[in-house]
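Colleague: Fold the following, please.
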Amino acid sequence: MLLQKIEKFIAVTGMPVTKFGRLAAHDPRLIGDLRNGRDPRPAMVERVEHFMNEYVGTVHAA
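Modeller: Numbers count the residues shown, from 1 in each chain. Okay, the predicted model is just below:
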């Protein structure tokens, strides 16, 4: 579920996957790991979803 949200986010924003991982979770391999079956912990899910919500809010406010 998280990976689907991230894939949609990067498709809409055009953000490179490594940049997303670095900004959202301080992990440039995050999306690659999720694509390969990594199961994120609840805290990671919360952190990444918060980043996406804040990023979209910042873009719309500008």
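
Colleague: Gly37: helix or strand, and which one exactly?
Modeller: Assigned by DSSP states H and E, Gly37 belongs to no helix or strand.

Colleague: Which residue ranges of this protein form strands?
Modeller: Using DSSP state E, the chain contains no strands.

Colleague: Tell me where the model's unsure across it.
Modeller: Counting by pLDDT under 70, the ranges of the chain that qualify are 59-62.

Colleague: As a check, name the ranges of all helices in it.
Modeller: Per DSSP state H, the chain carries helices over the ranges 2-13, 17-25, 30-35, 42-61.

Colleague: Save these as CSV, and put in mean neighbour count too.
Modeller: In this view, the C-beta of every residue, glycine as well, is placed from N, C-alpha and C. Shown next, in CSV, are those (neighbours: other CB atoms under 10 Å):
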stretch, mean neighbour count
helix 2-13, 14
helix 17-25, 17
helix 30-35, 18
helix 42-61, 13
